[in-house]
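[1] Give me a model of this one.
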Amino acid sequence: MADPTVATGADEPLSRPAHTLPYSQVVHELEVDVTQGLTADEAARRLAQYGPNGLGKQQSVRPWQILIAQVVNAMTLVLVLALAASFAIQAWIEGGVLAFMILLNLIIGFIQDLQAARTIASLESLNSPTARVLRAGATATATATATASSSSVVVIPAADLVPGDIIDLKTGDVVPADARVLHAVNLEADEALLTGESVPVRKDPAAVFDDELMNPGDRINMAFSSSTVTKGRGRAVVVATGLRTEVGAIAAALQGDGDVGKGKLKKGPDGKAAASKDYALFALGATWDWLGKFLGVTVGTPLQRKLAQLFLYIFFFAIVCCIIVLGANEFRTRTDVIIYAVATAIGTLPVTLILVLTITMAAGAKVMVERNVLVRNMRSLEALGGVTNICSDKTGTLTQGKMVAKMAWLPGHGTYSVDTGNEPYNPEVGTTNFTPIEPKDISSKAESSEIPVIPATEAATHACLGDYLDVAALANLATVRKTTGGDGQGEQDTGKWEANGDPTEIAIQVLATRFGRSGLPATAPSSSSPSSSSSSSTSEWTQLAEFPFDSSVKKMSTLCRNTTTGQVHIFTKGAVERVLESCVHIAVAGAPSSSSSPSSPLTEAAKSDILANMEALARRGLRVLALASTVIPEEEARQGKLARTSFERDLVFRGLIGIYDPPRPESRPSVFKCHRAGIAVHMLTGDHPETARSIATQVGILPARIDLLRADVAASLVMSAHDFDRLSDDELDRLPQLPLVVARCAPSTKVRMIDALHRRRCYVAMTGDGVNDSPSLKRADVGIAMGLNGSDVAKSASDIVLSDDNFASILNAVEEGRRIFDNIQKFMLHVLAGNVGFVSTLLVGLAYKDSSGVSVFQVTPVEILYLLLVAAAFTETGLGFEAASPDILNRPPQSLKYGVFTPEFLADLVGYGILMAVCLLSSFIIVLFGMYDGNLGHDCNLRYSPSCEGVFRARSTCFVAMMWVFLLFAWELVDGRLSFFAGLVRNPRAWAARLWRNPFLFWSVVVGSVSVVPTLYIPVINDKVFLHAGIGAEWGIVFVSVFFFCAGAEAWKWAKRVYLRRHNMMERKKAGASEEDLEARVFEKYYLQSEGSESEK
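    Take a look at the predicted model:
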């Protein structure tokens, strides 16, 4: 068996390279049926033989690397330096405790980082590329639709592909492996990654070459791994996977070269360094690369880098604090003075900050997967909380994507209306009605006069309907078929109708099937007709060519030959305006059923009538498409190179079709939640403006009473891409508000909208699914790709992927992003405010000196280390797991100007820090001066003596108050604005359940609070290690200090709430919560704009 990790040649399973063999021989040698694909057992056997389809082994989580990273980093280095200083001055107890803390910190950090790395690795595996494969005997799922045979097109990880797999390719796909093309319809691929050629290569499955060593770019019958399908569709058989592919051979060569550093030594023509300064610059650059990585300022997410820089600033401040401590004690070399300086420095450093940030972001990414959001870029976790505008597509995101053809209008004939019931794919259920009235003239009274018809007989009696249905069925790639049910011997048929294809085309195909027309049968290509997309002896039509939908022309066409008459027809569907540009005639009714419907010239009056009917259908919320066709000369159909501009002209307009895509039930509530959260929602869609307006109103993007707005203000809310793109950047910037809906939107329009929002200092999230959406996804602050219907190119350009293509999931992502941001602020505030309190206490305490003139500790180094070890590490990790606060979507997005360090955060930092320092200092002072006459004793920093009784008891009181205040501070930060005791009196059970909602934080606070008792009363530990003593009456001081802190924290929150509500920065208690009240507040600026304009008149 071949070693799957070694490149042994690109075509090992074949007798010759695949491009030199006819595809029929390739299929024969690979022993696969192109109509069935490989069985699951055979695929598993080949996977074991050839190995996974990857470029070598993926780098797995390596525990030893994580352990080394825990040891070799700036934080550990600082603690080790403090440890060395402790042992150097023979402070064995402090040094021993510090060594234990370093060891425990390494263990906790290693375990947590290992779990975080494994979480990220699991998320990356979810984001692995996929492939659509034909597998025999497979069961169709939500991502695969069964065919009439026993095979299914299933979606599998690309790593599971094996030689012989039959894969489907479509526009936007990244080719998952080297494959021999079997069937192609205008299939083109961008192979610049492999060949360097910027022009896409058109594929020809019929081509066969003799040169085995020809350049990959010339092998037009092959699709190469990692290339991108830029146009068309096709089917291919995999011939090479992993390192056996052309790209794999390159990767294998690179893997053998080892890692290359960023810095390179500048050399002269002779290969030697040009000057000694080159060595110096190279050494300086290499040192900076290593130092930046060591300090964490050049690696990680932007927030991680900012926090690493913050740690450096605090480290320098800690050095200043050490100098202040030593200076206050006249730079004496006494052990207690030095250890006091070391303790002050350690108390200044945010030891747990980077660790907790990593854990929080990894846990947040995992939670997002549970909420149908897959994070591709960890940076987006920080960005989501600041999103101010969401630009969303309509189809499948705000709507269900389950389209139904509701109305069909044929000029000169009338209008058909269809009610499909609850089975949109079943053409046999529901009712069909007809009225000779045009859509623009239909009223509710006219609708009541519609008459039911039998669809199957309509096409036989109306030639114009037959021509219309031919376009609907044949300018269509979707398939609708009924699976076999019953036993075939009189048993009732229980088969189900199943559909495969684009939702819009499925809806049109169901309509055609309802009237007795079916599309082209999907069969495998035959050796005699390699370029045919389908052929069947029982079919009336054979497809000759296909012009796929292109966003630049907004049309799709097929060339088909009628097997009875031999005539070649072109069938076209697309946007009404674009199809009308290609039409010169319009069909008229009244011809005998045996002949083709006649036509008349398409006049300007007829065009106006068509557009009026289109707008009437669009106002009903229908997506409107036009259908057209004509007969083309046989000699034109035989042209070698097909150009759509040569065929999509001189068409006969056949009619309009109105397709309804109902909004998702959760879209409207989600949009209103966005409004409440201060996020503006824009709809950028390819639909007609009236259709877009109708759906946008239904989901709440536009105000329900838009008729109350002045006409020009209402018009500015909904714009066509033509009008939007016509405006210059300066004109866009002068608009009072950018449009909320842009219809007939092109990819370039999306980019302009993002740029316009950026110039208004907005933070934009953009959705996209197609190849052409990649520029806008890249340009947006947060690019959001669709997981179900999105192309591989769009996914690779995005920051996050929605696994359910649902707008509500975007809101989930924003909410989770805000929760992560809030939790980062919470534990950062907990760390930094605590540091402010400790350092302030220690620095102020320098004024209290004993008889020898040495400052007396209020808090000993061991007590500080114990606090950092027991209280800080666990409670701050618990804050990282905290659930979202109830009002998280009731406040505006955080300011990108300030990031984490908002004015509110800085105010909290100072306020809580001072409050904590007051509690600690007062507890020490009250006990020492109120109960022990201010006797500071002698050498109380080193050992216990009777003269130190007061100092030891005051120190115990300060230590317990410090621990409890610090632990309860974590609970106070669960919600930075609402009272910690909110609901305690009204519903104690719910209040207790809120505490238990985060068990990690709950037990961190409880265990940490209880753990102080043994340190007070266990002999030796209390007076030898911690340098404090057991307390009695001093417990009253502790409780008063803790009560004072909680009361002060609650008063601070109350003052913040009052200030924020008065300045409209926080929702008021009695603010209207109904949709009407919210809509009035959100669209108030538009109503005021109308009123202001009226008053000016």
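[2] Thought residue 885 was touching residue 823, still the case?
    No: contact criterion CB atoms under 8 Å: residue 823 and residue 885 do not qualify, at 10.0 Å. (Each C-beta comes from the backbone N, C-alpha and C, glycine too.)
[3] The two: which is more packed in?
    Under the criterion of other CB atoms under 10 Å, the comparison of residue 823 against residue 885 puts residue 823 first, with 27 against 19.
[4] Can you report how many residues neighbour residue 316?
    Around residue 316 there are 9 other residues, counting by other CB under 10 Å.
[5] Can you list the buried residues in the helix or strand where it lies?
    Using DSSP states H and E, residue 316 falls within helix 302-328. Across helix 302-328, burial judged by 16 or more other CB atoms under 10 Å covers 303-308, 310-311, 314-315, 318, 321-322, 324-326, 328.
[6] residue contacts, residue 224?
    175, 178, 189, 191, 194, 216, 245-247 (CB atoms under 8 Å, 6 or more residues apart in numbering).
[7] switch the cut-off to 7 Å
    Neighbour list for residue 224: 175, 178, 191, 194, 216, 245-247 [criterion: CB atoms under 7 Å, 6 or more residues apart in numbering].
[8] pull the longest helix from the protein.
    For the chain, the longest helix by residue count, based on DSSP state H, is helix 807-844.
[9] Enumerate the positions of that one that are buried.
    Within helix 807-844, the residues scored as buried using 16+ other CB under 10 Å are 807-843.
[10] what does stretch 872-883 give?
    For stretch 872-883, using 16+ other CB under 10 Å, the buried residues are 872-882.
[11] Pull the distance from the helix holding residue 316 to the chain's centre.
    Here helix 302-328 is found 36 Å from its chain centre; the criterion is CA atoms, centre = their mean, to the nearest Å.
[12] Using CSV, list the CA coordinates for whichever helix or strand residue 750 is part of.
    In the assignment (DSSP H and E), residue 750 maps to helix 747-759. The C-alpha coordinates for helix 747-759 follow below in CSV (Å, rounded to 0.1, in the frame of the first residue of the first chain):
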residue,chain,number,x,y,z
PRO,A,747,-21.7,43.7,-6.3
SER,A,748,-20.0,47.0,-6.9
THR,A,749,-23.0,48.8,-5.3
LYS,A,750,-22.4,46.9,-2.1
VAL,A,751,-18.8,48.1,-2.0
ARG,A,752,-19.9,51.7,-2.5
MET,A,753,-22.5,51.4,0.3
ILE,A,754,-19.8,50.1,2.7
ASP,A,755,-17.5,52.9,1.7
ALA,A,756,-20.2,55.5,2.2
LEU,A,757,-21.0,54.0,5.7
HIS,A,758,-17.3,54.1,6.6
ARG,A,759,-17.1,57.7,5.7
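[13] Which residues are in contact with residue 786?
    Counting by CB under 7 Å, 6+ apart, residue 786 has contacts 767, 769, 802, 805.
[14] For the second one, give me phi and psi.
    Note on residue 769: its backbone torsions stand at phi -140, psi -20 [degrees, to the nearest 10].
[15] what's the answer for the last one, then?
    Note on residue 805: backbone dihedrals following degrees, to the nearest 10 are phi 60, psi 30.
[16] mind listing what it touches?
    Taking CB under 7 Å, 6+ apart, one finds 396-397, 401, 786-789 in contact with residue 805.
[17] Please report the distance of it from residue 396.
    Computed as CB to CB, to the nearest Å, the residue 805 to residue 396 distance reads 5 Å.
[18] The closest residue to residue 363 other than its chain neighbours: what's it in contact with?
    The shortest distance from residue 363 to any non-neighbouring residue, by CB to CB, 6 or more residues apart in numbering, is to residue 881 (6.3 Å). By CB under 7 Å, 6+ apart, the residues touching residue 881 are 363, 998, 1000.
[19] Tell me which helix or strand comes right after the helix-or-strand element of the chain with minimal mean pLDDT.
    Within the chain, no helix or strand scores below helix 444-448, which has a mean of 56 by mean pLDDT, DSSP states H and E. Sequence-wise, the next helix or strand downstream of helix 444-448 (DSSP H and E) is strand 451-452.
[20] partners of that next one in the sheet?
    Strand 451-452 has the following strand partners under DSSP bridges: strand 431-435 (antiparallel).
[21] Compute the mean per-residue pLDDT across the strand it pairs with, please.
    Mean per-residue pLDDT for strand 431-435: 91.
[22] Give me the buried positions along that strand.
    Buried residues in strand 431-435 (16+ other CB under 10 Å): 432-435.
[23] where along the stretch 451-600 of the chain do the helices fall?
    For the stretch 451-600 of the chain, the helices defined by DSSP state H, counting those that start in this stretch cover 455-461, 463-474, 503-514, 576-581.
[24] can I get the CA coordinates of the shortest one in PDB?
    What follows is helix 576-581, C-alpha atoms only, in PDB (Å, rounded to 0.1, in the frame of the first residue of the first chain):
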ATOM      1  CA  VAL A 576     -37.500  42.400 -16.400                       C
ATOM      2  CA  GLU A 577     -35.600  45.500 -17.500                       C
ATOM      3  CA  ARG A 578     -32.700  43.500 -18.800                       C
ATOM      4  CA  VAL A 579     -34.800  41.000 -20.700                       C
ATOM      5  CA  LEU A 580     -36.900  43.800 -22.300                       C
ATOM      6  CA  GLU A 581     -33.600  45.200 -23.600                       C
END
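[25] now it, how far from the centre of its chain.
    36 Å.
[26] next one: stretch 985-1001
    32 Å.
[27] Next, the distance between the ends of it.
    The first residue of stretch 985-1001 is 23 Å away from its last residue (CA to CA, to the nearest Å).
[28] coming back round to it: the contacts of residue 224 into a markdown table, with extra columns for pLDDT, neighbour count and secondary structure?
    What follows is those, written out as a markdown table (pLDDT from 0 to 100; neighbours: other CB atoms under 10 Å; DSSP: H, G, I helix; E, B strand; the rest coil):
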| residue | pLDDT | neighbour count | secondary structure |
| --- | --- | --- | --- |
| 175 | 90 | 27 | coil |
| 178 | 93 | 30 | strand |
| 191 | 82 | 25 | coil |
| 194 | 73 | 19 | helix |
| 216 | 84 | 17 | helix |
| 245 | 87 | 26 | coil |
| 246 | 84 | 20 | helix |
| 247 | 80 | 21 | helix |
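[29] Can you tell me which of these lies closest to residue 673?
    Distance to residue 673 across the contacts of residue 224 (CB to CB) is lowest for residue 175, with 40.1 Å.
[30] In contact with that closest one, which residues?
    If a contact means CB under 7 Å, 6+ apart, then residue 175 has 169, 189, 223-227, 229 as its contacts.
[31] which ones are touching the residue nearest the centre of the chain?
    For the chain, residue 800 is the residue whose C-alpha lies nearest the centre (CA atoms, centre = their mean; 1.7 Å). By CB under 7 Å, 6+ apart, the contact set of residue 800 is 373-376, 380, 782, 784, 813.
[32] cutoff 8 Å now
    By CB under 8 Å, 6+ apart, the neighbours of residue 800 are 368, 373-377, 380, 384, 782-785, 813.
[33] and what of residue 164?
    With contact set as CB under 8 Å, 6+ apart, residue 164 has these partners: 13, 30-32, 38, 42, 46, 237-238.
[34] Quick check: of these, which lies closest to residue 93?
    Closest to residue 93, out of all of the contacts of residue 164 and judged by CB to CB, is residue 46, at 65.6 Å.
[35] Residue 38 is in contact with the closest one, correct?
    Yes: contact criterion CB under 8 Å: residue 46 and residue 38 qualify, at 7.3 Å.
[36] Tell me which of those two has more neighbours.
    Neighbour totals were compared for residue 46 and residue 38, and residue 38 leads with 28 against 22 (other CB under 10 Å).
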